[in-house]
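**Q** Sequence first, predicted model second:
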Amino acid sequence: MEQINEYFKIALRNLRTRSLRSWLTILGIVIGIFLIISLLSLSQGVKEAINQQMEAMGGDMIMVMPGSEENIMGMMVGGEVLEKQDIAAIEKTKGVDSVLIMSYRGIVARYKEEAKMVFLTGLPWDESLELLERYQGWNLFEGRWPISGKKEVAVGKQWVIDVFGEKVKVGQEITMKGRKFKVVGILNSLGNKSDDSNIYLDIGLYQDLTGEKKGSARVAMVMIEEGLSPDEVAEDIKESLQKTRKRIAGEDIADFAVITSEKMIGVTNNILGIIQSAIILFASIAILVGGIGITNTMFTSIRERTREIGIMKAIGAKNSAVLTIFLIEAGIIGLIGGAGGIVLGIICAKIIELYTQANPVFYFSISISPSLVLFGLAFSVLTGCIAGFFPARKAARLKPVEALRRYE
C-alpha cells in the first residue's frame, strides 16, 4: 500500500511539472464526458416526462387515428380524418367503454390589435369533460368550462403568459375568421407548451370554422372496459373498422392506426433510444480524440523523462513499477477529465432545465442517475488507462544503460 502511495505521488508530481500540456489533454476528455452527461440526462428526462404523460392516460387507453402506424408523425399532422361511420364502428366494438373524439388545426386568432397563428382543438364538451378530467387531468386555473353550442372557448395556461403581447383574461374576446368567441376558462398546465397554447372549443363550432365534415374527427381516444386486455380490444377495433370500410367502399381499406398506450410508450422509447445511441457515438468520438491526446502526451513525457526512467531502473525499479506509475498518471488525467465533464454536464443540463421551465416548450426535469455519473467516471478513467498503456509499456521496457546513454 505504501508503495502504491509513492507511485501516486510520483505521478502527480510529473503532472504538475507539465501542467499546461496536462490540462490541454484533460480538456479532450472533459468535452466527451460533458456531452455524454448533459445530453443523456436531458434525453432521459424527456423520455421519463413522455412516459409519465402516457401512463397518466392509463393503460386502458387506445388511440385511433387515420393513416399508417409506420408514420406516427404523419398521422399527427396529416389532413385525414376518421369518418362518422368509423367512430360509430369504434363505439360499437365489444370491450369499448367510451370514445372521446378530438380534432385540431392551425388557425389565425386575433386578440385586440394582434394576430397570431395558433392551434385550435375541437371537443364535444358534453361527452368529453368527465373523461378529460379523469384520464387527462384537465382542470381550470380560472373561470369555467365552455357550454356546447355557445361561442365560448377555453384557452391554455400560456395565454396568460406569452401567446400575445398582452395577457388574455377571462371574459375577453378572441376573433377567428371574423367571428368573436368569449374566453370563459383558462386551463392549468397540461404538461407542454404546445397544448398550453391551444384554444379549446366545442367540436360543432370547430367544424363550422374549419369546414371539417360534421361527425368526423382527427383522433379518437378509446377507454376500454375494466379488466380487459388493451391489445385484444385494439384488434377488435381494427376488425370493426375494416368491416365498416369494406362495406362502404367495397374493398379493404386499412388506412388507420390503432395504438395502445403501451405501444405508444414503446415507439417513443425506441426513438429516444436511437437518439441516445447517437449521442454516445458522437461523444465517444470526442473521448477518442482525448484518448489520442493522452497517448501523445505520455509518449512525449517518456522522451522527456528518459534519464529519470533510466535512473529509476538503475537503482532497482522493476518494469511493473514504471508501468504502474505511467498508468496511474494516465488514469489521473482521465479521472480529472471525467470529473470536470460530469460537473459541466450537470450544470449545462440544469441551466437548460431551468430555461425550459421559465420558457416552456416541453416540461421536464433532467434525470441524472448515480449509474450515469459512475459510467462517466469509469469510462474516462478506462479511456485514460487504455490510452496510456502502450506508452507506459514502452517506458517500462527501457533498459537503464540505453536510457542513460540516450539522454546523453
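**A** Alright, I've got the coordinates.
**Q** Distance-wise, check residue 171 relative to residue 296.
**A** For residue 171, the distance to residue 296 (CB to CB, to the nearest Å) stands at 70 Å. Where you see a C-beta, it was placed from the backbone N, CA and C, and this is true even at glycine.
**Q** Give me the more crowded residue out of these two.
**A** Regarding residue 171 and residue 296, a neighbour count based on other CB atoms under 10 Å identifies residue 296 as having more, with 14 against 9.
**Q** quick one: contacts for the more buried one?
**A** Counting by CB atoms under 8 Å, 6 or more residues apart in numbering, residue 296 touches residue 25.
**Q** can you tell me the helix or strand for it?
**A** helix 261-304 (DSSP states H and E).
**Q** How about residue 29?
**A** Residue 29 belongs to helix 19-56, assigned by DSSP H and E.
**Q** got the angle between that helix and helix 261-304?
**A** 170 degrees (axes from the mean of the first three to the mean of the last three CA atoms, to 10 degrees).
**Q** Please report how far the residue nearest to residue 125 when sequence neighbours are not counted lies from residue 237.
**A** Closest residue to residue 125 apart from its sequence neighbours, by CB to CB, 6 or more residues apart in numbering: residue 148 at 4.7 Å. Separation of residue 148 from residue 237 (CB to CB) stands at 26 Å.
**Q** Let me see the domain layout of this structure.
**A** 2-53+265-407, 81-254 (automatic domain parsing).
**Q** looking only at pLDDT, what's the mean for the shortest one?
**A** The reference is to domain 81-254. Domain 81-254 carries an average pLDDT of 85.
**Q** How about the first one?
**A** Confidence for domain 2-53+265-407, expressed as mean pLDDT, is 75.
**Q** chain center to it, what's the gap?
**A** 25 Å (CA atoms, centre = their mean, to the nearest Å).
**Q** quick one: residue 65 and residue 219 touch, right?
**A** Yes - Residue 65 is within contact range of residue 219, at 5.0 Å (criterion: CB atoms under 8 Å).
**Q** For the two, list the residues in contact with both.
**A** Common contacts of residue 65 and residue 219 (CB under 8 Å, 6+ apart): residue 82.
**Q** which of those two has more neighbours?
**A** residue 65 (23 against 18).
**Q** Next, that one: phi, psi?
**A** phi -140, psi 150 (degrees, to the nearest 10).
**Q** Show me what it bridges to in the sheet.
**A** residue 257 (DSSP bridges).
**Q** Secondary structure of residue 367: a helix, I assume?
**A** No - counting by DSSP: H, G, I helix; E, B strand; the rest coil, residue 367 is not part of a helix but coil.
**Q** and it, how many neighbours does it have?
**A** Using other CB under 10 Å, residue 367 has 18 other residues around it.
**Q** so how far is residue 46 from it?
**A** 9 Å.
**Q** where does residue 103 land in three-state SS?
**A** strand.
**Q** does it have beta-bridge partners, and which?
**A** Beta-bridge partners recorded for residue 103 (DSSP bridges): residue 122.
**Q** Is it in contact with residue 213, as I believe?
**A** No - contact between residue 103 and residue 213 fails when scored by CB under 8 Å: they sit 10.0 Å apart.
**Q** Give me the more crowded residue out of these two.
**A** More neighbours surround residue 103 than the other of residue 103 and residue 213, with 19 against 11 (other CB under 10 Å).
**Q** Okay, that one and residue 206: tell me how far apart.
**A** Residue 103 is 6 Å from residue 206, where distance means CB to CB.
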